[in-house]
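Novice: the following block contains a protein sequence and its predicted model.
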Amino acid sequence: MRRALWILALLLPAVAAHPQDHAGPSVLAESYDWRTLESYQGQITRETFERRLRVLSPDGTMEGFLAYGGNSVSVLDTSRSAPVWSLSFAATAREKISYPRWPTDVLGSAEQPLKGLRICLDPGHIGGDWANLEERYFRIGKDKPVLEAELNMLTCRLLEGLLAADGAEVVWTKKDYEPVTPLRPQDLWIQWASIDWLAHGTPRDLRQLFSSTRKTNFETGWTAEKFFYRAAEIQARGERVRGLHPDLTLCVHYNAAPWRRAGRPSLMRVNKLVAFVHGSYTKEELEGEYSRFCLMRKLLEGSMETEIETASAIGNRLRQSWGWPAEDYDGFANRVNGNPYVWSRNLVANRTFPGPVVFVEGPYMNDRTIYQRLQAGDYEGEQEVAGVRCRSLFREYAEILHAGLLDIYGWKPEAEAPASR
Ligand SMILES: [Zn+2]
């Protein structure tokens, strides 16, 4: 079955199918070529390789697909018998740092502490006419509807102002409420239907197959719509990031707790925060060669250290400024760097976007207090919301992200600059 799926993937290189990726994320995988990793030969030591591997595959699954030689390592095929690609390690500890990490790496000054830095903002979700389809919309009574894409966009616009004032160059994956991908759900049903067909021999209901993009694929649990707004859309954004060459990409989101009763929005008291870095591929995900390729590409591109440092700084700022509890995942993500707010997970965006990516999940939109602050919208100064005087939630969020970036990238007087490594 898996071989059949792989043949399908080859036939459809732009929108190849990888249903074995149960995190859902890479159902539409780009075509990949191990030879594109050749430029990384001799760049990192075995010690660095193993250190990064512990974040990417903390349960050791990837080790089972590796064979170490004298000063090299080979990645094995799915049967774990033949090498598909080999990497030579660097002989000495002198390693190329691919992305700036410390204030000394950027060209800032006291007036423009972020000058020389290019930050890519990725406001989460499509929004607009697509908000309902991507399940990032709710409305309670006659209140203003809550559209996560709009909250993310507003936060990113405020953040852009702060970053630009500090001299940073700000680029975007998207700035409106239209999909970046030219594909639409109706273009994607063939992928979803084909997987169903390969999994079950015959299409179970031809009429339904052709008439609906909403039917859930039995094998993947995905609909053609989900292919569209998650896989195809994020991949299109990834192409954009690839062309922009940012020093860091920041994915900005607001979170939500699952509804107590499906389809019946109601408010609760729950609010947690998290910043994700890339890692924690699961055993099931690593069954697929595409996932093993993605893991190796991320390991070798040299973004991990920058990503973790920046996520940790943002995590610290989340705690200092908001202090709401950190998420506590069990089993499918892992805490990183001893920071309770920083977790590693193999997400579509942080796997697909090249370079360091920090994916921040802000406050819960359906928390009782947060909801009222969202309803109050953005404003200057303070207002009374739910009986408490407070500033705009959007400005607080933008300022937290800005402060985290300043901690890592901002120019500082020499005495305050962290010792370079
Ligand atoms: Zn989101």
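Specialist: On my side now, so go ahead.
Novice: burial measure for the residue in the stretch 1-150 of the chain positioned nearest to the ion, as a count.
Specialist: Scanning the stretch 1-150 of the chain for proximity to the ion using CB to the ion identifies residue 124 as nearest, at 4.0 Å. Bear in mind the C-beta positions are built from the backbone N, C-alpha and C, glycine included. Burial of residue 124 is recorded as 25 neighbouring residues (other CB atoms under 10 Å).
Novice: average pLDDT for stretch 380-391?
Specialist: Model confidence over stretch 380-391, given as mean pLDDT, is 96.
Novice: stretch 259-267 now?
Specialist: 82.
Novice: chain center to it: distance?
Specialist: Chain-centre distance of stretch 259-267: 26 Å, with CA atoms, centre = their mean, to the nearest Å.
Novice: got the CA coordinates for it in PDB?
Specialist: Taking only C-alpha atoms (Å, rounded to 0.1, in the frame of the first residue of the first chain), the coordinates of stretch 259-267 have been written out as PDB:
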ATOM      1  CA  TRP A 259     -15.700  23.500  22.600                       C
ATOM      2  CA  ARG A 260     -17.400  21.600  25.400                       C
ATOM      3  CA  ARG A 261     -20.200  20.800  23.000                       C
ATOM      4  CA  ALA A 262     -19.200  20.600  19.300                       C
ATOM      5  CA  GLY A 263     -20.600  23.500  17.300                       C
ATOM      6  CA  ARG A 264     -21.900  25.300  20.400                       C
ATOM      7  CA  PRO A 265     -19.400  28.000  21.300                       C
ATOM      8  CA  SER A 266     -19.400  28.900  25.000                       C
ATOM      9  CA  LEU A 267     -16.800  30.600  27.100                       C
END
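Novice: from what I see, the residue of the stretch 1-150 of the chain closest to the ion and residue 148 are in contact.
Specialist: Yes. Assessed by CB atoms under 8 Å, residue 124 is found in contact with residue 148 at 6.6 Å.
Novice: and the residue of the stretch 251-400 of the chain found nearest the ion, what element?
Specialist: Here the stretch 251-400 of the chain gets closest to the ion at one residue, residue 253, 3.5 Å apart by CB to the ion. If you go by DSSP states H and E, residue 253 is part of strand 248-255.
Novice: who does that strand pair up with?
Specialist: Here strand 248-255 has these sheet partners by DSSP bridges: strand 118-123 (parallel), strand 357-364 (parallel).
Novice: make JSON lines from the ones you listed and add mean neighbour count and mean pLDDT to it.
Specialist: Listed next are the strands paired with strand 248-255 as JSON lines, based on neighbours: other CB atoms under 10 Å; pLDDT from 0 to 100:
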{"stretch": "strand 118-123", "mean neighbour count": "23", "mean pLDDT": "97"}
{"stretch": "strand 357-364", "mean neighbour count": "25", "mean pLDDT": "98"}
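Novice: let me have those in JSON lines, extended by distance to residue 141.
Specialist: JSON lines is the format used below for those (distance: least, CB to CB, whole Å):
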{"stretch": "strand 118-123", "distance to residue 141": "27"}
{"stretch": "strand 357-364", "distance to residue 141": "19"}
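Novice: model confidence for residue 31, exactly?
Specialist: 74.
Novice: where does it fall, helix, sheet strand or coil?
Specialist: Look at residue 31: counting by DSSP: H, G, I helix; E, B strand; the rest coil, its state is coil.
Novice: count of residues packed around it?
Specialist: For residue 31, using other CB under 10 Å, the count is 12.
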